[in-house]
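Trainee: Provided below are the primary sequence and the corresponding predicted coordinates.
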Amino acid sequence: MYIRSQVTTLYESDSFAMNLRRDVFQAIADPTRRAILLLVASQTMTAGAIAANFDTARPTVSKHLQILTECELLEQEQNGREIYYHINAKKMKEVADFIEPFRKMWDERFNKLETIMKKYKSKK
Amino acid sequence: MEQKTKITAENGKQELVITREFDLPLELVFKAYVEPDIVEQWMGTKVLRLESKKHGSYQFETSDAQGNVVFRANGVIHEFVPNQKITRTFEMENAPFGVQLEFLEFEKLTDDASKLCIFTVFRSVAHRDQLLQLPFAQGLNMAHNRLRDTVRKLNYTS
């Protein structure tokens, strides 16, 4: 009986993790939620300030914020009467290595430098 | 295949290291950092001023197709040793990333290969992480725009 309950717990926690993971990808599959992440990536914002950027009704934006918070892409922080949202960089890193686009940007720049200077060398 | 450009950004630290190996002689890589018209080509920005000397300053500016300025950055050169190192500050104007301190070190590997190491120090860990996230955020934005354009096209055809 004990073993069975252990196994069940394990199984349940496993499928729970799978659900969560699926939710993260579902979360970023939605264009409005991606736009919210983009907004909050540049600065910490209140729900009201976020909603002001969308034509969508405020409750719809709240629902999006709830989903993003539930799958831990966003974190809430109470500051007086306001709740501020900020990006959870750790979780973002799990979804997609967020440094990779930065590396690619520099890699492309340096590839260009290399091409230009190779031409420069052969011209001389 | 090993990556030619590497990024090291340890958790909780306010520094960032970019290293790159070039199939180029050291002198040519250094030149690409000194000559304004060459900098313009590979950085994809207009060079308003670039005084490559100790206590010199520089300013870059990028405009979009409509002529609006979308990026402007400036800094002061603190140390300038030809074919060895440049120590300078870098600040993106109207951006929340603060001033950065950059140590650029150029190293000869062979006659035709060299290495560049850029060690950057930020004001805080948060400033660093925010800058690192920028291209990721832009990527999200581009994906969003592509999706929006696709939806628009669908609307037009239907």
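Mentor: Received the coordinates, thanks.

Trainee: CA only for contacts and neighbour counts going forward, please
Mentor: Fine.

Trainee: Next, count neighbours for A:S122.
Mentor: A:S122: 7 surrounding residues under other CA atoms under 10 Å in any protein chain shown.

Trainee: How about B:K13?
Mentor: The number of residues near B:K13, taken as other CA under 10 Å, comes to 14.

Trainee: gap between stretch A:59-71 and the chain center?
Mentor: From the chain centre to the centre of stretch A:59-71 is a distance of 13 Å (CA atoms, centre = their mean, to the nearest Å).

Trainee: List the buried residues of it.
Mentor: If you call a residue buried by 16 or more other CA atoms under 10 Å in any protein chain shown, then stretch A:59-71 has these buried ones: A:V61, A:H64, A:L65, A:I67, A:L68, A:T69, A:C71.

Trainee: mean confidence for it?
Mentor: Averaged over stretch A:59-71, pLDDT sits at 90.

Trainee: That one close to chain B?
Mentor: No - applying CA under 8 Å from any CA of the partner chain, one finds stretch A:59-71 out of contact with chain B, separated by at least 15.0 Å.

Trainee: mind listing what's buried in the helix or strand that B:R49 is a member of?
Mentor: Assigned by DSSP states H and E, B:R49 belongs to strand B:46-50. For strand B:46-50, burial by neighbour count (16+ other CA under 10 Å) applies to B:K46, B:V47, B:L50.

Trainee: of these, closest to A:A47?
Mentor: Distance ranking of the buried residues of strand B:46-50 against A:A47, using CA to CA, places B:K46 first at 38.3 Å.

Trainee: distance of the most centrally placed residue in chain A from A:L73?
Mentor: For chain A, A:M92 is the residue whose C-alpha lies nearest the centre (CA atoms, centre = their mean; 4.1 Å). Using CA to CA, to the nearest Å, we find A:M92 at a distance of 6 Å from A:L73.

Trainee: do the same with B:I18
Mentor: The value you get for B:I18 to A:L73, if CA to CA is used, is 27 Å.

Trainee: Good, we can wrap up now.
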